[in-house]
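In: Here is my input, please return the structure:
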Amino acid sequence: MQHKPVLACIGLLAGSLTALGATAQAAPGQENASITAAALYVAPDGTTDAAGSESDPTTLASAISRVGAGGTIYLRGGTYRYGQTVTIPPGNDGTSGARTTMAAYPGEKPVLNFSEMSEDPANRGLAVNGDYWHIDGITVEHAGDNGIFVGGSDNVIERVVTRFNHDSGLQISRISSSTPDDEWPANNLVLSSESHDNADSDGEDADGFAAKLTAGPGNVFRYTVSHNNIDDGWDLYTKKDTGPIGPVTIEDSLSYDNGTLSDGTVNEDGDRNGFKLGGDGIEVDHVVRRNIAYNNGHHGFTYNSNPGSMTVSDNVGIDNEERNFSFDKGTSVFRSNTSCRSGDGSNDKTVGDADGSNQFWSGSNGSRCSAYSGALAWSFASDGHLVVSFGGNVVTP
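Out: Prediction:
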């Protein structure tokens, strides 16, 4: 659980976030909740030519090369140390009816540590380039680029932690510059996961979560938490060279303290937004609903030059350094959003269709804001839902 001192407007949250969790789907891979007899087993001291049984575990790379479609790889607890990327290659796929699973052994915590890597765009940690995989319960840290890179489609990334990597903790983008548009990664679900303290040397690229530059349609982030990354909490950047990415959905998620690492490091030249939703004036109609942006170093929610028609509903912005909501252009639809401050701050700007259900900041708090001293805390419930509280008051049902 994370705790953060806050002087915030709390009354709104119970109303705006009562739906948090309402769109939950059954957690993928529940069929793997118990040990699978035919699974392959991996351990930090496993060997390449081992049988891959519980008593004779193999390596992760060997298990990936051996597992069949719909099979299961269990990672025993402990630290796995790597100096090169661990890759699930294209063509090593599960199926729509049976994903291939890479999961923490029940009750244990495997950590993939890539601290032997130097900072370099080629030095990703875990590359999920196959389709229909379920990655569950692992931590990936200290990679020379992204902690987890998703280049495949129809994958579920669940209960992972990406931390201390040298680019975005988890990024969804095409595998290579030769990947055609219709093969950009699509329909991936990132669920009940955390990304924090990712930082590159120039302090301008490492976000918590990113689906940017070359991501296909249908990617979803749900019950996810991004905090204390050197750049943005979420980055959905597009650029003219590659054209629009597919619409992304971010829902029931929390972004706070981005732009400042946990040790207090700040790069004033970084973007430092909670949710950055565009780039290069390219229209993409993202869906952003039931999220909280708190105390980020620039804007809470920003269009970032995306003039599209985004759906922005039931979100809460609190005490972000500049605007809580910053949308200077476009035809986005705003419903039931709330913006609060414990002191002075910049007025929100929302160009588009914003009706009276919103309470944006224009110098004073609306009726849904009830400021008091307290602490921000969050945790994942046993079923994966994100639970957020302020001052000990839970704002999720």
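In: Which stretches in this protein count as helices?
Out: For the chain, the helices identified by DSSP state H occupy 11-16, 60-66, in order along the chain.
In: if you average pLDDT over each of these, which comes out lowest?
Out: When mean pLDDT is averaged over each of these, helix 11-16 scores lowest at a mean of 38.
In: From start to finish, how long is stretch 143-150 in a straight line?
Out: From its first residue to its last, stretch 143-150 covers 14 Å (CA to CA, to the nearest Å).
In: State the mean pLDDT of that stretch.
Out: 98.
In: now what about that stretch, what contacts it?
Out: 114, 117-129, 135, 140-141, 157, 160, 162-163, 165-173, 185, 188, 195, 198 (CB atoms under 8 Å, 6 or more residues apart in numbering). Heads up, the C-betas are built off the backbone N, CA and C, glycines and all.
In: Drop anything exposed from the residues you listed.
Out: Judged by neighbour count, with 16 or more other CB atoms under 10 Å as the criterion, the buried members of those are 114, 117, 123-129, 135, 140-141, 157, 160, 162-163, 165-173, 185, 188, 195, 198.
In: Now for Val67, how many residues are close by?
Out: Applying other CB atoms under 10 Å, we find 22 other residues in the vicinity of Val67.
In: typo on my end, it should be Asn365
Out: By the measure other CB under 10 Å, the count of residues near Asn365 is 18.
In: Okay, it and Thr260: tell me how far apart.
Out: 25 Å (CB to CB, to the nearest Å).
In: what's the answer for Ala199, then?
Out: Distance check for Ala199 against Thr260: by CB to CB, it reads 10 Å.
In: Ser367 now?
Out: Between Ser367 and Thr260 the distance is 31 Å, computed by CB to CB.
In: Looking at these two, which is more packed in?
Out: In terms of neighbours (other CB under 10 Å), Thr260 is the more surrounded of Ser367 and Thr260; the figures are 19 against 9.
In: send the alpha carbons of stretch 280-292 over as PDB?
Out: Backbone C-alpha positions of stretch 280-292 (Å, rounded to 0.1, in the frame of the first residue of the first chain) are rendered in PDB as follows:
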ATOM      1  CA  ASP A 280       1.600  16.400 -32.900                       C
ATOM      2  CA  GLY A 281      -1.900  17.700 -33.400                       C
ATOM      3  CA  ILE A 282      -3.200  14.200 -34.400                       C
ATOM      4  CA  GLU A 283      -6.700  13.200 -33.700                       C
ATOM      5  CA  VAL A 284      -7.300  10.000 -31.600                       C
ATOM      6  CA  ASP A 285     -10.500   9.400 -29.700                       C
ATOM      7  CA  HIS A 286      -9.300   7.900 -26.500                       C
ATOM      8  CA  VAL A 287     -11.600   7.000 -23.600                       C
ATOM      9  CA  VAL A 288     -10.500   8.300 -20.100                       C
ATOM     10  CA  ARG A 289     -12.900   7.500 -17.300                       C
ATOM     11  CA  ARG A 290     -13.100   7.100 -13.500                       C
ATOM     12  CA  ASN A 291      -9.400   8.000 -12.900                       C
ATOM     13  CA  ILE A 292      -7.700  10.200 -10.300                       C
END
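In: In it, which residues are buried?
Out: Ile282, Val284, Asp285, His286, Val288, Arg289, Arg290, Asn291, Ile292.
In: hmm, back to that, tell me which of the contacts of stretch 143-150 fall in strands.
Out: Within the contacts of stretch 143-150, residues falling in strands by DSSP state E are 126-128, 135, 140-141, 157, 162-163, 170-172, 195.
In: Quick check: the farthest pair among the residues you listed?
Out: Of all pairs drawn from the ones in strands among the contacts of stretch 143-150, the greatest distance, 19.1 Å, lies between Glu141 and Ile172 (CB to CB).
In: before we move on, back to that, just the ones in strands among the contacts of stretch 143-150 now: which is nearest Pro89?
Out: The closest of these to Pro89 turns out to be Ala127 (CB to CB; 8.4 Å).
In: Quick check: beta-bridge partners of that closest one?
Out: Under DSSP bridges, the beta-bridge partners of Ala127 are Thr87, Phe149.
In: In this structure it contacts Tyr82, no?
Out: No - here Ala127 lies out of contact with Tyr82, judged by CB atoms under 8 Å, at a distance of 11.8 Å.
In: about what we covered before: pLDDT and distance to Thr302 added to the buried residues of stretch 280-292, as TSV?
Out: Converted to TSV, these look like this (pLDDT from 0 to 100; distance: CB to CB, whole Å):
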residue	pLDDT	distance to Thr302
Ile282	97	15
Val284	98	14
Asp285	98	16
His286	98	12
Val288	98	11
Arg289	98	16
Arg290	95	18
Asn291	96	13
Ile292	94	15
